[in-house]
Each structure stands twice: as structure tokens, then as C-alpha cells.
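> sequence first, predicted coordinates after that:
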Amino acid sequence: DQQVKQNSPSLSVQEGRISILNCDYTNSMFDYFLWYKKYPAEGPTFLISISSIKDKNEDGRFTVFLNKSAKHLSLHIVPSQPGDSAVYFCAAPGGGADGLTFGKGTHLIIQP
Amino acid sequence: GAGVSQSPRYKVAKRGQDVALRCDPISGHVSLFWYQQALGQGPEFLTYFQNEAQLDKSGLPSDRFFAERPEGSVSTLKIQRTQQEDSAVYLCASSLAPSGAYEQYFGPGTRLTVT
């Protein structure tokens, strides 16, 4: 039973446009969420996070929105750049263990 | 500064062999985590150390998997009698915080292929 779901395995966006990556969760005990970015043959790198006491967190081109009632969060990247092409993981601490619970990831492809 | 390093980067093992995967966390990081990432999936939690204490091993898939961090820094994940289903990327992460609740820094992973 997946507690963190990323239902889009891939997403293709034109350079300069907005990329929106979605994540749903089922565990209402989650109170903190993180987005990680992963390039091939590298480990995930932390991108941005949000606490459940907020509904928005912004860092440069990256903004994460949290809708607690819908158990949904999204990552917005604007404007999208070629270097943003990577796999993006949504994650939350907890879920029955001391580590992070990850979604399956969304492969973002930025087209020139 | 140095990040999390893992060795070897790639390991090919014949079914039934034992393997040992090493993780060097960021200096001073209290927490250390091991994850297993199968192809097309997100990382899945295996085990967690706070300093030298293994506080959570609920994600280890079988008793063939064993992890240690004897001096609270370097950690080794050992897999005995490897099976084909053990083929995956094994990721190590460390965190300054004494819990799994916050930002973790990942190493590049060890890709294990069991033939």
C-alpha cells in the first residue's frame, strides 16, 4: 500500500514553460514533505520542503504547494530549464519507519 | 566539503555470494540511513542508525541483510547469500538531525547486480 503516490511516471515540458509535478499521500500523520531531484547515476539531492503548517514554500524558481484537505502537494518549476530534466521524488518522514517514504518518481523532460 | 561517499559504485555478484557495501557519511552527521532502490521505483527504507545505535531495521527484507556502524561514522551493509531479487541500487544517506524527520544527504549509491 503506497503512502506517497506520484501517478505520472513522466512529464514533458517545453523550455521556458511551467513544470508542475504532483504528489498525493494517504497517511494523514505526515506533517513534513520533501522533494528530491535525481540525475542518472547520482544519488537524490534535496530540492525543497514544506511543513504542514504552511500551504506554500518558495525558493527561486521552485515553489511547493500543499493542500492538506486533499492530501495533495505539487512542485512548480518556472521557468523550466534544460538542467531541470531529471527524476523528481516526493517524500515524507514516517510512514511506519524512521526513514523517508518516497513516491515512485516523475521523470521530467525539458524540451528545447 | 565532502559529501556522502559509497563504495564500490558497481558490484556484480554471483547468486549465493556475500557482498559488503560501504558508506562514508558527512563528517559529524548523527543519523545514517540505508535505502534500496529497484528499477523504476523510489528508494525504500532499509535501516537507520543514530550514531552507532541501530534504532530501526524494520525495512530489512530478510535476515540475510545486516548493517553496522560500529564507531558511529562509516557504515557497512552486508548481504549474505545474494539472490537475484537483491539486484538494486543501494543508497546511503546521512543527516545532521538525530531523527529521520528532516533533510537527508544521499550518496551516489552502489548498483548491485546478482547474476
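Yes, it's here.
> tell me which residues touch residue A:66, please.
Going by Cβ atoms under 8 Å, 6 or more residues apart in numbering or on different chains, residue A:66 touches A:33, A:50, A:52, A:54, A:55, A:56, A:72, A:73. Where C-beta positions appear, they are placed from N, C-alpha and C, glycine not excepted.
> could you count how many residues lie near residue B:15?
Neighbourhood size, residue B:15 [other Cβ atoms under 10 Å in any protein chain shown]: 11.
> how about it: what's its closest non-neighbour residue?
Using Cβ to Cβ, 6 or more residues apart in numbering or on different chains and skipping the chain neighbours, the partner closest in space to residue B:15 is residue B:114 (5.7 Å).
> show me what contacts that neighbour?
Contact partners of residue B:114, counting by Cβ under 8 Å, 6+ apart, are B:12, B:13, B:14, B:15, B:82, B:83, B:84, B:85, B:86, B:87.
> next, residue A:24: secondary structure please.
strand (DSSP: H, G, I helix; E, B strand; the rest coil).
> quick one: contacts for it?
Taking Cβ under 8 Å, 6+ apart, we find residue A:24 in contact with A:4, A:5, A:6, A:7, A:70, A:71, A:72.
> specify the beta-bridge partners of it.
When assigned by DSSP bridges, residue A:24 has beta-bridge partners residue A:5, residue A:72.
> how close does it get to chain B?
To chain B, residue A:24 is 14 Å away according to Cβ to the nearest Cβ, to the nearest Å.
> could you do residue A:37 as well?
Going from residue A:37 to chain B by Cβ to the nearest Cβ gives 11 Å.
> how about the residues of chain B near chain A?
Taking Cβ under 8 Å from any Cβ of the partner chain as the contact definition, chain B meets chain A at B:4, B:33, B:35, B:40-46, B:48, B:55-56, B:58-59, B:91, B:93, B:99-109.
> got a ChimeraX select line for the buried ones in those residues?
Those of the residues of chain B next to chain A that count as buried under 16 or more other Cβ atoms under 10 Å in any protein chain shown are selected in ChimeraX with:
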select /B:4,33,35,42,43,44,45,46,48,56,59,91,93,100,101,102,104,105,106,107,108,109
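> among the residues of chain B next to chain A, which are located in strands?
With strands taken from DSSP state E, the overlap with those comprises B:33, B:35, B:44, B:45, B:46, B:48, B:55, B:56, B:91, B:93, B:105, B:106.
> can you lay out these as a markdown table showing pLDDT and distance to residue A:43?
Listed next are these as a markdown table, based on pLDDT from 0 to 100; distance: Cβ to Cβ, whole Å:
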| residue | pLDDT | distance to residue A:43 |
| --- | --- | --- |
| B:33 | 96 | 12 |
| B:35 | 97 | 9 |
| B:44 | 95 | 14 |
| B:45 | 94 | 15 |
| B:46 | 96 | 15 |
| B:48 | 95 | 17 |
| B:55 | 94 | 22 |
| B:56 | 93 | 20 |
| B:91 | 98 | 6 |
| B:93 | 96 | 8 |
| B:105 | 94 | 8 |
| B:106 | 96 | 3 |
